[in-house]
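Asker: Here is a sequence with its predicted model. Questions after.
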Amino acid sequence: MSFIISEAADPRGPQLEKLVSFLEKMGLRYEGGAEHTVFLTDEDGGVLGTGSLCGSVLKYIAVDDSLQGEGGAAAIVSRLVSRAYMLGRKKLFLFTKPQNEYMFRSLGFFPLAEARGAVYMENSRRGLADYLDSLEKGEGVQGAIVANCNPFTNGHKYLMETAAELVDTLHVFVVSEDASEFPFGLRYEMVKRGTAHIKNLILHQSGDYMISHSTFPTYFIKDAAKAKDVNVELDLTLFGKRIAPALDIKKRFVGTEPFCEVTNAYNEAMKRMLPAFGIEVIEIERKDGISASKVREAMKNGDTNLIKRLVPASTYDIIRGMIVVKTGADPCGNAPYDENC
């Protein structure tokens with residue numbers, strides 16, 4: 001059966017309606033984020049297949065049964081990969097059902113991790129290996145912390161100081177994805193400055209291999225309530241099976257989480273899953289109830305005194321700089337910005 005290929009940048013209106021309607025027909029859900037979409041249609045304009053580029057993730061790839069074996073999926077993936085390359089995105093990922101893994105392998109994607117109902121794949125056989133080879137290695141008993149640090153607080157500082165005392169080398173991975181109020185570059189700089197005194201700490205970018213809730217798609221998982229569990233299982237399997245052994249990490253540290261149910265559930269999943277990979281999970285009591293969300297709220301309220309109490313001086317300096325750039329006013333009350341404040 002023949003098909004017609006068309007493309008739509010940032011599909012809206014009738015094009016978006018066609019995408020949503022076809023996905024529903026295929027038992028899938030549209031959850032937003034389609035930057036560029038490929039359509040396969042018949043001569044009458046009926047949709048036979050779709051696929052979308054969302055950042056560096058290929059999503060919404062679905063082909064009608066009438067096109068099975070006709071090269072429809074290959075045509076979609078080829079167009080999306082070409083579009084991504086035009087945008088300078090060479091490293092691409094997708095999440096799919098386990099029964100589709102073989103098909104995507106034939107299209108140049110390789111599995112990174114598998115959990116219940118989902119496989120995480122990338123378009124490079126050595127992508128993860130190259131990332132792991134690039135990481136600075138430690139020695140002795142080694143532990144790890146994975147943190148977003150949005151922003152870096154006295155709580156994060158306390159967690160890292162405490163963890164560093166319990167191992168010979170502490171690896172800290174700062175989540176690289178820019179899906180937070182503070183962009184990655186600033187978050188990484190905050191952690192770098194705030195932990196400079198911890199001599200056995202090695203700082204890393206998480207790269208593309210720490211799966212966040214915002215990256216992980218749920219559109220192909222029928223039970224939406226289980227989607228978060230699958231996300232966590234994929235992330236922890238990838239960490240436990242591939243990342244931790246490359247650095248000989250035997251301990252993973254987390255702070256107690258009394259505020260966020262999602263983070264607390266993630267901590268509990270770590271306790272269940274990581275010991276099977278030979279990794280001890282150590283939970284450290286949160287310092288004085290400090291949280292990054294309290295800092296962000298204080299920023300909204302202009303409460304500089306509270307911000308100063310919640311973050312290290314190095315973080316506060318960066319926050320001040322952000323406020324000056326945005327408003328032209330110094331939070332210390334000086335205008336223009338006074339470096340001595």
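Answerer: Thanks, I have it. If you're wondering where the values come from, they're calculated on a predicted model, not measured in any experiment. Numbering: from 1, shown residues only.

Asker: Can you show me the strands along the stretch 1-150 of the chain?
Answerer: 4-9, 36-41, 47-54, 57-63, 93-96, 110-115, 118-122, 142-147 (DSSP state E, counting those that start in this stretch).

Asker: what does the last one rub up against?
Answerer: Contacts to strand 142-147, defined as CB atoms under 8 Å, 6 or more residues apart in numbering, come from residues 156, 159-160, 163, 166-175, 191, 206, 210, 239, 244, 247-254, 282. All C-beta spots, glycine's among them, are computed from the backbone N, C-alpha and C.

Asker: Buried only: go through those for me.
Answerer: 156, 159-160, 163, 167, 169-175, 191, 206, 210, 239, 244, 247, 249-254 (16 or more other CB atoms under 10 Å).

Asker: all helices for the stretch 201-341 of the chain, in order.
Answerer: 224-238, 244-247, 261-273, 292-301, 304-310, 313-327 (DSSP state H, counting those that start in this stretch).

Asker: Distance to V141 and mean pLDDT for those helices - can I get that in CSV?
Answerer: Output for the helices of the stretch 201-341 of the chain, formatted as CSV (distance: least, CB to CB, whole Å; pLDDT from 0 to 100):
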stretch, distance to V141, mean pLDDT
helix 224-238, 21, 85
helix 244-247, 12, 97
helix 261-273, 18, 87
helix 292-301, 28, 92
helix 304-310, 31, 94
helix 313-327, 28, 78
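
Asker: Can you redo the ones you listed as a markdown table, where the extra columns are distance to R83?
Answerer: Formatted as a markdown table, the helices of the stretch 201-341 of the chain follow (distance: least, CB to CB, whole Å):
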| stretch | distance to R83 |
| --- | --- |
| helix 224-238 | 25 |
| helix 244-247 | 32 |
| helix 261-273 | 33 |
| helix 292-301 | 35 |
| helix 304-310 | 42 |
| helix 313-327 | 33 |
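
Asker: low-scoring stretches of the chain, by residue?
Answerer: 1, 213-215, 224-225, 258-259, 323-341 (pLDDT under 70).

Asker: Kindly recompute the last result at 50.
Answerer: Scanning the chain for pLDDT under 50 picks out the ranges 334-341.

Asker: Please name the residues that touch A115.
Answerer: Residues counted as contacts of A115 (CB under 8 Å, 6+ apart) are 230, 233-234, 237.

Asker: Test my guess that E35 contacts G51.
Answerer: No - at 11.9 Å, E35 does not count as touching G51 under the criterion of CB atoms under 8 Å.

Asker: which one of these two has more residues nearby?
Answerer: Legend: neighbour count by other CB atoms under 10 Å for E35 and G51, higher for G51 (26 against 15).

Asker: List the buried residues of stretch 26-35.
Answerer: 26, 28-30, 34.

Asker: er, stretch 92-105 actually
Answerer: Neighbour-count burial for stretch 92-105 [16+ other CB under 10 Å]: 92-96, 101, 104.

Asker: excluding its backbone neighbours, what's nearest the residue positioned nearest the centre of the chain?
Answerer: Taking CA atoms, centre = their mean, the centroid of the chain lies closest to S212, which sits 3.2 Å from it. Spatial nearest neighbour of S212, excluding adjacent residues (CB to CB, 6 or more residues apart in numbering): E177 at 5.2 Å.

Asker: For stretch 297-310, C-alpha coordinates in CSV please.
Answerer: This file holds the C-alpha atoms of stretch 297-310, laid out as CSV (Å, rounded to 0.1, in the frame of the first residue of the first chain):
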residue,chain,number,x,y,z
GLU,A,297,9.2,30.8,46.9
ALA,A,298,11.3,33.3,48.8
MET,A,299,12.6,34.7,45.5
LYS,A,300,9.0,35.2,44.3
ASN,A,301,8.3,37.1,47.5
GLY,A,302,11.5,39.1,47.4
ASP,A,303,12.5,37.8,50.8
THR,A,304,16.2,38.1,50.6
ASN,A,305,16.8,37.5,54.3
LEU,A,306,15.2,34.1,54.0
ILE,A,307,17.2,33.3,50.8
LYS,A,308,20.4,34.1,52.7
ARG,A,309,19.5,31.7,55.4
LEU,A,310,18.7,28.9,53.0
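
Asker: sorry, back to before: nearest to T41, of the helices of the stretch 201-341 of the chain?
Answerer: helix 224-238 (28.7 Å; CB to CB).

Asker: Against which helices or strands is that closest one packed?
Answerer: Here helix 224-238 touches strand 110-115, strand 118-122, helix 261-273, going by 3 or more CB pairs under 8 Å, 6 or more residues apart in numbering; DSSP states H and E.

Asker: Turn these into CSV, columns for distance to A73.
Answerer: Below are the helices and strands packed on helix 224-238 laid out as CSV (distance: least, CB to CB, whole Å):
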stretch, distance to A73
strand 110-115, 16
strand 118-122, 13
helix 261-273, 32
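
Asker: so which of the ones you listed comes closest to R296?
Answerer: Nearest of those (CB to CB): helix 261-273, 15.0 Å.

Asker: tell me the angle that closest one makes with helix 224-238.
Answerer: Interaxial angle, helix 261-273 versus helix 224-238 (axes from the mean of the first three to the mean of the last three CA atoms, to 10 degrees): 50 degrees.
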